[in-house]
Structure formats: C-alpha cells, structure tokens
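A.B. asks: I would like to see how this sequence folds:
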Amino acid sequence: MTFFVGENGSGKSTLLEAIAQGAGFNPEGGNRNHNFSTANTESSLHQYIRLSWLPKVTNGFFLRAESFFNFSSYIDTIAEEDRSSNVYEAYGGKSLHHQSHGESFLSLFTHRFQGRKRALYLLDEPEAALSPARQLALLRILWDHEHSGRSQFIIATHSPILLGYPHATIFNFDQAPLAPIRYEDTDHFIVTKEFLTHRERILEELFKENKD
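C.D. replies: Take a look at the predicted model:
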C-alpha cells in the first residue's frame with residue numbers, strides 16, 4: 001500500500017498517470033480493455049520511466065476522479081451497443097450515472113476491484129466523491145485486498161483519513177528527491193489536527209481584518 005502526497009501541482013497525478021500508461025491502462029481511466037479518449041492531455045512522462053514487476057501484472061484499474069464522468073459514459077456506451085452483456089455487473093448492477101457520485105465510486109471499489117487475481121490498482125484522489133464515512137468504508141476494502149496477498153495499490157490523495165491506513169508507505173512530493181514520510185509528519189495530518197483542536201482560534205486568525 002503506497003500513497004503519494006503533496007500540494008496541488010507537485011506531480012502526484014502526473015506520475016500516477018505515467019505508471020498507468022506504462023502498465024497499459026487507459027490514461028483517462030479504466031484498464032487494458034477500456035479504450036476511449038475525450039481529450040489529449042496526457043504528459044510524456046510515461047516514455048521516460050520503466051516499470052518492473054515480479055511477476056508481471058496485467059490486471060488492475062486506473063481511477064481518475066477528474067475523468068470518472070467520461071469513464072461512466074463510456075461504460076453506458078458499451079452497455080447500449082451490447083444489450084446482452086452484463087457490463088453493469090462490475091459496477092453495482094446499474095449505470096454509474098444512475099448512482100450518486102459517492103455511490104458510483106464505492107460501487108466501483110466494491111464490485112470492480114476483485115482479489116481473485118494479482119492486480120495493480122492506481123487511484124487518483126479517490127476521496128473526491130466520498131464522505132468521511134465512506135472513506136472509512138474504502139479503508140476496509142483496501143484492507144481486505146491487501147490481506148488477499150494479490151493486490152498492490154498506489155494512491156494519490158489529500159485525505160488524512162486514507163493516509164492513516166496502517167503501515168502504508170507514504171511518499172512526499174513536496175521535497176526533492178522524493179522520500180518516504182511519516183503519517184504524523186504530513187501536512188495533511190498536521191493541518192487537520194491543528195484545525196480540529198483549535199478551530200476557533202484558527203478561524204479568528206484567518207478571518208481577521210488586515211489593519212495595516
């Protein structure tokens with residue numbers, strides 16, 4: 001279980017996208033069997049990295065929160081073109097567009113992610129649609145997968161809840177070169193703890209008028 005953390009623009013999503021492309025996954029989301037493109041926005045980083053597996057894994061999934069709507073539309077197109085298929089079975093039995101944003105994410109994690117085969121799962125800000133309670137539900141899903149011994153997860157996130165996953169490796173993108181960081185040393189943990197502990201003081205300081 002590996003997490004990427006850092007400020008916006010630090011390169012977390014760019015590297016995750018490059019890993020996805022190196023693994024053969026669709027750069028806008030999905031796996032090797034999903035072929036759709038709505039915008040040519042991918043970086044060229046994947047051309048300069050080399051992935052190594054032992055054994056090599058070809059199963060898995062790449063979740064991009066920002067393009068999940070497009071992925072959901074793509075699945076609807078497949079279902080419309082082949083009405084005899086059970087394409088929705090892997091997504092909770094119905095169109096992802098017919099579920100709330102959070103429900104569709106959790107349906108994907110629950111039904112599409114299966115631990116029967118070795119798989120690589122790449123998640124870019126999976127907390128984007130999840131309430132705190134459902135982030136906890138995702139932690140349980142991750143736990144079950146990890147203990148199956150057949151799944152590897154690399155997750156780019158801003159969520160202090162997800163980052164609290166026990167014994168995970170966290171790489172800090174706010175320093176060069178990249179290096180592991182303790183959960184308690186991440187800005188996500190420090191800022192969240194400080195806000196929850198001293199909310200009134202922080203808000204007073206944040207909203208005070210500039211008298212200079």
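A.B. asks: what residues are up against the residue nearest the centre of the chain?
C.D. replies: Geometric centre of the chain, nearest residue: residue 123, 2.2 Å, by CA atoms, centre = their mean. Taking CB atoms under 8 Å, 6 or more residues apart in numbering as the criterion, residue 123 is in contact with 63, 153-157. The C-beta positions use only the backbone N, C-alpha and C, and glycine is treated the same way.
A.B. asks: Could you do residue 18 as well?
C.D. replies: When contacts are counted by CB under 8 Å, 6+ apart, residue 18 touches 43, 45-46, 49.
A.B. asks: So which of those wins on neighbours?
C.D. replies: When the contacts of residue 18 are compared by neighbour count (other CB atoms under 10 Å), residue 46 ends up highest, at 19 neighbours.
A.B. asks: what are the ranges of the helices in the chain?
C.D. replies: With DSSP state H applied, the chain shows helices at 12-22, 68-81, 101-107, 132-146, 160-163, 187-197, 199-207, listed in chain order.
A.B. asks: Out of the contacts of residue 18, which comes closest to residue 199?
C.D. replies: Lowest distance from residue 199 to the contacts of residue 18 (CB to CB) belongs to residue 43, with 38.5 Å.
A.B. asks: With residue 197 as the reference, measure out to the closest one.
C.D. replies: For residue 43, the distance to residue 197 (CB to CB, to the nearest Å) stands at 39 Å.
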